[in-house]
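# Sequence plus the predicted model coming up.
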Amino acid sequence: MNRGHKKSFTLLELLISLFLFSMSIIFIGNLRVFAYNRVVETDRQLRLQNELTVIVEDMGKNILRSVGDSQSPGISCTLTNGTVGLRLRVDNGDPPTASNYGDDIIVEYYVSGNSFYAVEASSQRTITSRPIIASPNFCTLLTGDEGPGVEIYLVARNNPAVARSPSNAQSRVLTRIYSRSSGSH
């Protein structure tokens, strides 16, 4: 029996185990940073998506109520002043009177300085809480079997003047909304 031989670690084994332990700590730390950054980016995108949803819901409500005919269209992608936007003739009567345009109000939506505005009965209001819109031309008229409608394409960024990046989240919405009135164009 050899009683003088004790079991121990060599210096090389100790260095290898310390290296593996430190690499696992660095990996876990980087994983936490990556996960945190993804959560922050997703939160920014969701906030933008919520603001875009408010815009689309407001426009959709008025598109569904739009009325018009070929002489006096209910939906147009040209505003009264000739700039690009969404112009709607909305029947505000109770009950609605589709053939009487005298009680209708004009609702216009447009982008100015990366903010989204609505003008309803000469009263302007900002729909977004901050300037986020990066796509000033958002309106395309639709005609077809579904009836008259509008294709809306909006792009929003936290900083609309700067390209999309991990620190500048972007959200997009593309939707088609059709008027209930068959003569809106």
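Ah, there it is.
# Could you give the separation of stretch 111-125 from the chain centroid?
17 Å (Cα atoms, centre = their mean, to the nearest Å).
# Run through who's touching it.
55, 58, 85, 105-110, 126-128, 130-136, 138, 160-161 (Cβ atoms under 8 Å, 6 or more residues apart in numbering). Placement of C-beta: from N, CA and C, glycine included.
# Okay, and which of the residues you listed map to helices?
Within the contacts of stretch 111-125, residues falling in helices by DSSP state H are 55, 58.
# among the contacts of stretch 111-125, which are in strands?
Residues of the contacts of stretch 111-125 located in strands (DSSP state E): 85, 105-110, 126.
# closest to Leu20 among those residues?
Nearest to Leu20 among these: Thr126, at 57.0 Å, using Cβ to Cβ.
# tell me which residues form a beta bridge with that closest one?
Counting by DSSP bridges, Thr126 forms beta bridges with Tyr117.
# Same question for Thr140.
According to DSSP bridges, beta-bridge pairing links Thr140 with Glu151.
# where does the chain dip in pLDDT?
For the chain, the stretches flagged by pLDDT under 70 are 1-6, 96, 98, 181-185.
# at 90 instead, please
The model of the chain has pLDDT under 90 over residues 1-13, 37-38, 40-42, 44-45, 64-85, 89-106, 111-116, 120-149, 156-171, 178-185.
# Can you show me the strands along it?
Using DSSP E, strands in the chain cover 75-78, 84-91, 104-112, 115-120, 123-126, 139-142, 149-157, 170-178.
# thought Arg164 was touching Ser171?
No: at 9.8 Å, Arg164 does not count as touching Ser171 under the criterion of Cβ atoms under 8 Å.
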